[in-house]
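J.: Quick one, fold the following:
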Amino acid sequence: MNAFMNNKNQNLIIMKRTILLSVIILCLACFFPGCNNRNIIKYKDPALPLETRVEDLLSRMTLEEKVLQLQGSGTDELASLNIEEVGDQTKKIIRSGIGWIHNNTKSLEDYVTWINNTQRNLMEKSRLGIPALVIAEGLHGLMSYEGTVFPSCIALGGTFDTLLIRDIYSTVSEEARSRGTNLFLSPVVDVGREPRWGRQEETFGEDPYLVKKISLAATLGFQGGDLLLPENKALVTLKHFAGHAVPEAGSYAGPLQADDRTFHEVHLAPYREIIERLEPGSVMATYHSVNGVPMCINKALLTDLLKNEWGYKSSVMSDGGAIPQLFQVHNVAKDTIDATLRSFLAGVDMELGGGCYKFIEDLVNQGLITQERLNDAVRRMLRMKFRLGLFENPYADPEDAIRKTHSQEAQELSRIAAEKSIVLLKNVNDILPLDKNRRQKIAVIGPMADRIDYGAYSIARHKGITPLEGIREKAGNNINILYAKGCLLTYKEDLDWFRHVNNDVKLVADEENNPLIREAVDVAGKSDIILLFIGEYDFMAGETWNNHFKDKSNLNLLGSQSKLLDALYKTGKPIISLQFTSGARSYVDVAEKASAILQCWYLGERGGEAVANILFGLVNPGAKLSVSVPRSAGHLPVYYSYLPIARRGYISDDISPLFPFGFGLSYTSFKYTNIHLSEDTIPYKGSTILKVDVTNTGKVAGDEIVQMYIRDILASITRPVKELKGFARISLAPGETKTVNFSITPKELEYYDLNNKFSVEPGEFEIMVGGSSVDTKSILLTVVK
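T.: Predicted structure coming up:
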């Protein structure tokens, strides 16, 4: 006891002396300003400006250290506690640093350990102590075994809800940063106008205005609005720069042929919006070519436009393996060395896979790459690391990671997002919502009923809620649920969306599905109503590469689903179709034969619960289509903002879309009144406000997505028939009226003119407002010089 007390007293004495010494040092610091920083290396001083820290560190770096900052690694050896046991390349990295690291094939616990040990090696054992960027996918949730999965991007675009989008990606960012991830390869800001392309689901829609506003909200969610990021935010990568989502023939990474006006007004618009307002961490130069120039060597876009004209200060990243494709596919480089030189000089600062940028050191020594260009690229990489605060703390807290990963709040947000993403396309005689108080038998049928498809860039291992599970949970005692598979789509049903070859994806023949179809007809015959779950498994869409094909030559029902639909239709029982697809699909027979249609896309882990809530009227659907739905692949392109001469008609088919952009029904109805402008005549640099009253004229509460479109009536060049220039999602109780305001500024009126500049041309503009692109009321605006 005496020994314990003596130790305690000694500790108190030491503590008092330490406090006294600290006070003395603090006082000296006050009397002698700057003396406390005299021995702190500039780049390690968080009190100094960002640029000062970057330039100081850059000035201390060797050629080897600089070149390694433009490369990455994912080897487990980086986290080794015994450096002597690792390979020579890993020793080199630990000695000199590395730009980025990546590994998403670990459990949360193992991932955090790998991150912390790797960062500790880099911070403590490299010469300059430069931490690494940690890369991950975050398309619609953190791509990890444990991350929360939200609806696909094409579904989220249909929410038209920027606040929801910001909340979703803020949650994704917090999950990622808690485990040490700090740079996302998201969001996708491509304008998705090609449904044959296997990646349309990754886009927020077909309209540049919608895409840029949703992408901006996602970026704000990911990284916030400040230059220096807080510890719960991660940087974004805008991709795929630019025009990647409209490949020729819908074939992955196919070329884009586009005039300057279309390219600037459509494909560059989302990038311009975000870069003018924020500083994204990175912009990804991808695989395709634009007007014959592969993006990774497109100096006019990467350097002249993006960096010089737009003033972008951060890094341009190559897509994974894109640089080797310059000589493997595009035939614009002789070999690896030539591809490296051309891409680096064009403006690609860092390489995401491919193994090319290790040759930059030799190219600098040969005088083919200047120190100025090398320093510019490294400066952009270091800028990201300082913005993230990695020099102060690059580590993850395991307990914080567990607490913030797949939290109950995140799961609830996923459910809300799913409910806000479902589009009601048809509802004959108000067959929906289903009456839970009525005694009835409901047949749940179809290959998509008792499974959940997360969609692209998701490897989560936790099981979500299937539609069948959600319906059984919500149906209540009065409803008897009968289930039948209906048909199989592919012989293998549980393939990973990413890691398989195309030979694994074979459609089941009709004759093999006949027993399942007969069973479904039998179940339907015993029921009062049919819920038909159709679509495509998520591994039937996505990215294409050798033996991994995902693009489509037609957009019809796959496999035996048409045969199943016909058989069920002949029973005479009403059919409610629920469609789970990666993109827009031409289900014409469904549109004709179903009494109601819900477009569900891929809804994330709580999708089954969301579907049930919509079906039974616990939630009123309020989403709209973020893309136009074509009647066939032969109708493409089908986007709504076409030029006046573009849609004259076909000899034997309706040229209109099966369902138009911005369309979606509700369990209630809305009325638009009192449409007026605050000023109906403005100068060409002036602005006005469109005001409209929207009333819920139905008996239940609901959301309406109010959309404003603009048409330049008489212009120097042909302009689209209408362009979305404003939207607002509002909630209204029965009988409630809200006034919605839209600002109309030069931004909403400008176009890319004959002088290759954005300008507003005086004249008359038709201002349209309504609930879809085909249901609007108009008012005239005059713009004068």
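J.: How about the contacts made by G320?
T.: 352-354 (Cβ atoms under 8 Å, 6 or more residues apart in numbering). The way it works is simple: take the backbone N, C-alpha and C, and place the C-beta from them, glycine included.
J.: Assign a three-state SS to it, would you?
T.: coil (DSSP: H, G, I helix; E, B strand; the rest coil).
J.: sorry, back to before: return the member of the contacts of G320 nearest to F222.
T.: Among these, L352 lies closest to F222 (Cβ to Cβ), at 17.8 Å.
J.: The closest one contacts G72, doesn't it?
T.: Yes: with contact defined as Cβ atoms under 8 Å, L352 counts as touching G72 (6.9 Å).
J.: and P574, what does it touch?
T.: Contacts for P574 (Cβ under 8 Å, 6+ apart) come out as 431, 529-530, 595.
J.: quick one: which of these sit in strands?
T.: Per DSSP state E, strands hold the following members of these: 529-530.
J.: Quick check on the contacts of P574: which are buried?
T.: 529-530, 595 (16 or more other Cβ atoms under 10 Å).
J.: Which member of those residues is positioned nearest S421?
T.: Distances from S421 to the buried ones among the contacts of P574, taken by Cβ to Cβ, are shortest for S595, at 21.9 Å.
J.: Does V740 have any beta-bridge partners, and if so which?
T.: Beta bridges link V740 to V692, judged by DSSP bridges.
J.: Run a quick neighbour tally on it.
T.: Using other Cβ atoms under 10 Å, the number of residues around V740 comes to 18.
J.: now swap in S778 and tell me
T.: Neighbours of S778 (other Cβ under 10 Å): 13.
J.: Contacts only, for it.
T.: For S778, the contact set (Cβ under 8 Å, 6+ apart) comprises 766-768.
J.: What about those, which one has the most neighbours?
T.: I767 (24 neighbours).
J.: can you give me the mean pLDDT across the helix or strand containing it?
T.: I767 is part of strand 763-772, with elements assigned from DSSP states H and E. Taken as a whole, strand 763-772 has a mean pLDDT of 98.
J.: Just the buried positions in the next helix or strand after that strand, please.
T.: As assigned by DSSP H and E, the chain's next helix or strand after strand 763-772 is strand 775-784. Neighbour counts using 16+ other Cβ under 10 Å place 776, 779, 781, 783 of strand 775-784 among the buried residues.
J.: from the residues you listed, which is closest to L68?
T.: The nearest member of these to L68, counting by Cβ to Cβ, is V783 at 54.3 Å.
J.: Helices along the stretch 151-300 of the chain, start to end?
T.: Remark: helices assigned in the stretch 151-300 of the chain by DSSP state H, counting those that start in this stretch are 153-157, 162-178, 208-223, 260-262, 269-277, 299.
J.: and those, which is most packed in?
T.: Ranked by mean neighbour count, the helices of the stretch 151-300 of the chain are led by helix 153-157 with a mean of 30 (mean count of other Cβ atoms under 10 Å).
J.: Could you double-check that Y145 sits in contact with H406?
T.: No: Y145 lies out of contact with H406 (Cβ under 8 Å); the separation is 9.9 Å.
J.: of the two, who's got more company?
T.: Under the criterion of other Cβ under 10 Å, the comparison of Y145 against H406 puts H406 first, with 21 against 18.
J.: and the more buried one, what are its phi and psi?
T.: Here is the backbone geometry of H406 (degrees, to the nearest 10): phi 50, psi 50.
J.: all numbers from here: first residue = 57
T.: Got it, first residue is 57 now, which makes that one H462.
J.: so what's it scoring on pLDDT?
T.: Value for H462, per-residue pLDDT: 96.
J.: got a list of what it touches?
T.: Applying Cβ under 8 Å, 6+ apart, the residues contacting H462 are 202-204, 231, 518.
J.: Show me which of the residues you listed has the smallest pLDDT value.
T.: Across the set of the contacts of H462, H518 stands lowest in pLDDT, at 80.
J.: Spit out the contact partners of it.
T.: Contacts of H518 were listed using Cβ under 8 Å, 6+ apart, and they are 202, 462, 661.
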